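[1] test case, fold it:
(one chain, ligands or ions: 1)
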Amino acid sequence: MTFTATSATPESDTGLPTVSHWIDGALRAGTSGRTAPVYDPALGVVTKNVALADQAEVDAAVASAKAAFPGWRDTSITRRQQIMFRFRELLNERKGELADILTSEHGKVLSDALGEITRGLEVVELATGFPHLIKGEYSQQVSTGVDVYSTKQPLGVVGVISPFNFPAMVPMWFFPIAIAVGNTVVLKPSEKDPSAANWLAALFAEAGLPDGVFTVLHGDKVAVDGLLNHPDIKSISFVGSTPIARYIYETASRAGKRVQALGGAKNHMLVLPDADLDLVADSAVNAGFGSAGERCMAISVVVAVEPVADELIGKIRSRMTALTVGDGRRSCDMGPLVTRQHRDKVASYIDIALEDGADVVVDGRGVDVDGAADGFWLGPTLIDRVPLDSRVYTEEIFGPVLSVVRVASYEDGVELINAGAFGNGTAIFTNDGGAARRFQNEIEVGMIGINVPIPVPVAYYSFGGFKNSIFGDSKAYGLQGFHFFTTEKAVTSRWLDPSHGGINLGFPQN
Ligand code: NAD
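    Below is the predicted model:
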């Protein structure tokens, strides 16, 4: 495939290529006159711009998706399934190309980019089995001569709005299922790393997907608002920060749409005194600093039940000194943050920690980097004795900053976690099966790891948290994904027996 995510037309003022929309099965240059810069975070330079759609482009994208819907809905299940299988095969063969794109715009190391694609592939694989998951039910002779059955049908044009931190995986939580069951999709990816979405759309087209079934519309709030209020968009699937998720949920619900809006997180790891502290330290470092902490399932707070804190901090600290930070295209453990602005915001929490009297055990601002001087670097940071009223504890930081909070008992730890504003993921580390069983019953969090630090459910379960981590009652993928992207009709039918007739104004009773 010779596809590049950018149009051939350079921006006249910058000389850089522009990432175009993907509408009607082809790249379409933006017409709004607005663009945003896209950085290579390891180099710290703008490498391209991305088109930002205006309302006219939103209307054109949705019109194309709407026109494609009847034909795609009526395409046989067998044909749709063949295209899904072909897409899966192509994606698996060429995932290296996609990983390169992810690293160049997000900054995550290549192995992590490949891991992200693998988790997205799982959902594609689940979606290939869609015929089994959208079967209806049938009841014969519910009344004399009357049969009732249900049928699951696609919604129409559905909108997906995704965050910067998983430019391939998060869109793949939604569009493979939505498309397999017969919807057409308009995806609005993050403007920070937009090219992966175009690459996926081009690959799907190569797999045989008809034009207009999968649209990528780039943009910012203007494009998002256009989708939220568009009368031909039937549902919105959103993933991003909590304030925006709440806004999306309220706005799209008011506009009469089905909405699932997944928000931010602050994930705690509860460590009981009987835990294997080497396993805990490995897990805390992996889950705290993988992808530079830019994961909604990252561990951001270790809750140590005393007396283990001092010993555990020593073990975590020694592992942190071995971590290498650098350009994700080279061999290293951790890449840069996504933008300078985000890097500076994350680093500002280290100042807040010092002001609030916390103990900064490892300060990532002095990191030694294998990369360009202008990259958006921040090294792994460890902060002990974080006060519970500090913004370091109460806010989502979304970077390589791991906090430690000390508690006296299991009960105190559970109370602390349950008092949090978010409820995305959590983990308990212990060798006591009874304690772990009690934890999974008592904790008010959607995804729970038992001696597993990042419990992202496999594709055939569903992904989603509680409280400020989700708005709406449907989680992503799994059976809930199929439910979200289909609507059910119940059909009551009678084929008249020529010998039977007559008037009866009541409900049939036999
Ligand atoms: P973000 O909320 O800034 O952006 C998400 C999407 O919303 C993007 O497409 C963006 O263009 C759009 N957007 C931004 N501001 C908007 C506005 N004012 N109005 C309308 N649309 C707007 O999030 P981000 O920084 O790209 O991603 C990181 C966040 O996503 C973190 O909070 C992280 O926890 C969260 N996240 C959550 C999950 C989950 O499953 N719960 C998964 C991944 C990321």
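[2] near the ligand, which residues of the stretch 351-500 of the chain are found?
    396, 398, 424, 469 (CB under 6 Å from any ligand atom). For every residue, glycine as well, the C-beta is placed using N, CA and C.
[3] state the distance from the last one to residue 445.
    This means residue 469. 9 Å (CB to CB, to the nearest Å).
[4] to which secondary structure element type does residue 503 belong?
    Three-state call for residue 503 (DSSP: H, G, I helix; E, B strand; the rest coil): coil.
[5] what's the local residue count around it?
    4 (other CB atoms under 10 Å).
[6] over to residue 251?
    17.
[7] do the strand or helix carrying it and the ligand meet at all?
    If you go by DSSP states H and E, residue 251 is part of helix 242-254. Yes - among the residues of helix 242-254, residue 244 lie within reach of the ligand under CB under 6 Å from any ligand atom.
[8] helices and strands around that helix, which ones?
    Contacts defined by 3 or more CB pairs under 8 Å, 6 or more residues apart in numbering; DSSP states H and E place helix 242-254 against helix 221-228, strand 233-239, strand 258-262, strand 470-471.
[9] and the ones you listed as a markdown table, adding mean neighbour count?
    What follows is the helices and strands packed on helix 242-254, written out as a markdown table (neighbours: other CB atoms under 10 Å):
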| stretch | mean neighbour count |
| --- | --- |
| helix 221-228 | 21 |
| strand 233-239 | 26 |
| strand 258-262 | 25 |
| strand 470-471 | 23 |
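[10] now those in TSV, with mean pLDDT?
    Converted to TSV, the helices and strands packed on helix 242-254 look like this (pLDDT from 0 to 100):
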stretch	mean pLDDT
helix 221-228	98
strand 233-239	98
strand 258-262	98
strand 470-471	98
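[11] could you export the ones you listed as TSV, including distance to residue 494?
    Below are those laid out as TSV (distance: least, CB to CB, whole Å):
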stretch	distance to residue 494
helix 221-228	42
strand 233-239	31
strand 258-262	32
strand 470-471	43
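[12] residue 396 contacts residue 242, doesn't it?
    Yes - between residue 396 and residue 242 there is a contact under CB atoms under 8 Å: 7.3 Å.
[13] what's the overlap in contacts for those two?
    Common neighbours of residue 396 and residue 242 (criterion: CB atoms under 8 Å, 6 or more residues apart in numbering): 264, 422.
[14] and the helix holding residue 251, which residues are buried?
    Across helix 242-254, burial judged by 16 or more other CB atoms under 10 Å covers 242, 244-245, 247-249, 251-253.
[15] rewinding a little: who touches both of residue 469 and residue 445?
    With CB under 8 Å, 6+ apart, residue 469 and residue 445 have common neighbours 423-424.
[16] now do the closest residue to the ligand within the stretch 51-200 of the chain against residue 347, distance only.
    Nearest residue of the stretch 51-200 of the chain to the ligand (CB to the nearest ligand atom) works out as residue 163 at 3.0 Å. Computed as CB to CB, the residue 163 to residue 347 distance reads 21 Å.
[17] okay, the two: which has more neighbours?
    residue 163 (23 against 19).
[18] next one: phi and psi at the nearest residue to that one once chain neighbours are set aside?
    Spatial nearest neighbour of residue 163, chain neighbours left out: residue 240 (4.4 Å); criterion: CB to CB, 6 or more residues apart in numbering. The phi/psi pair for residue 240 (degrees, to the nearest 10) reads phi 170, psi -160.
[19] where does this protein dip in pLDDT?
    When residues are selected by pLDDT under 70, those of the chain lie in 1-14, 498-501, 510.
[20] how does it divide into domains?
    18-263+469-490, 267-450 (automatic domain parsing).
[21] can you redo the ones you listed as TSV with distance to residue 506?
    As requested, the domains of the chain are exported to TSV (distance: least, CB to CB, whole Å):
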stretch	distance to residue 506
domain 18-263+469-490	12
domain 267-450	47
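[22] quick one, which of those domains gets closest to residue 463.
    domain 18-263+469-490 (4.4 Å; CB to CB).
[23] from the middle of its chain, how far away would the closest one be?
    11 Å (CA atoms, centre = their mean, to the nearest Å).
[24] endpoint to endpoint, it covers what distance?
    End-to-end span of domain 18-263+469-490 (CA to CA, to the nearest Å): 48 Å.
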